[in-house]
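Peer 1: Give me a model of this one.
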Amino acid sequence: MNLTQALSAADSSIRLKAALAAGTHADATLVDALIARCAVEPDFFVRDMLTWALTRLPPEITVPRLRTELGSPVAQARSQALHTLSKIGDSSVYPAITSSLLHDTDDEVARSAWRAAVILAPSEERPRLAAELASQLGRGDRTVRLSLSRALVALGDVIEPALRTAAASADPAVSTHAHATSVLLHDPEAGFDAAIHEATRLVALEYQKATC
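Peer 2: Residues are numbered from 1 along each chain as shown. Next comes the predicted model:
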């Protein structure tokens, strides 16, 4: 069984070993097989090894192929391509992280896009990115909201104007998430759940004042 065949083996341990071997030998002829497997691989650990294997190959080979994957109709293909591009760290890719990816209806794709964008965005693009990300405050479940808060906090103080705007939203989910993110920005040691609890209290007090 060659490596390309092993990457599709029924046994996940065989697929993991194949991805490890592909990265260890850094064989550029496997780039298409590795990327294709990223789109369908169900095992998290194998996917992580596939990403590592791709980072071992020359960026001039992997980056163009991964950029093509960003337009795939398969959500996992988009998500894994974004994740791998963030690990490669080529800032020239940033323009390819479009608004549609940042607002992707698939939560995993959107979360990968947020992380990649924060890592790859040049300094002059960070305020615009902050506003784009902040427009999604209140989205999703706890996991999604935590990912968005972490992405915003990673941008630093540049997010404060966008947070102030969101904190004034009439939507309590948006306002609470904005307040919680502000807590995390100014107190990195604060836990997300504690920040949400404090934000919920603040939003409730503001609502009471507004209705008095």
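Peer 1: Please make it C-alpha for all contacts and neighbour counts, starting now.
Peer 2: Noted.
Peer 1: Give me the contact list for the helix or strand containing V109.
Peer 2: Assigned by DSSP states H and E, V109 belongs to helix 107-120. Contact partners of helix 107-120, identified using CA atoms under 8 Å, 6 or more residues apart in numbering, comprise 75-76, 78-80, 82-83, 85-86, 89-94, 97, 101-104, 126, 129, 133, 140, 144, 147-148, 151-152, 154-155.
Peer 1: helices or strands up against the host helix or strand of S175?
Peer 2: Counting by DSSP H and E, the element that carries S175 is helix 172-186. Packing contacts for helix 172-186, counted by 3 or more CA pairs under 8 Å, 6 or more residues apart in numbering; DSSP states H and E, involve helix 142-155, helix 160-167, helix 192-211.
Peer 1: Same list, these, but as JSON lines with mean pLDDT, mean neighbour count and distance to S112 please.
Peer 2: Shown next, in JSON lines, are the helices and strands packed on helix 172-186 (pLDDT from 0 to 100; neighbours: other CA atoms under 10 Å; distance: least, CA to CA, whole Å):
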{"stretch": "helix 142-155", "mean pLDDT": "96", "mean neighbour count": "20", "distance to S112": "9"}
{"stretch": "helix 160-167", "mean pLDDT": "95", "mean neighbour count": "20", "distance to S112": "21"}
{"stretch": "helix 192-211", "mean pLDDT": "69", "mean neighbour count": "14", "distance to S112": "19"}
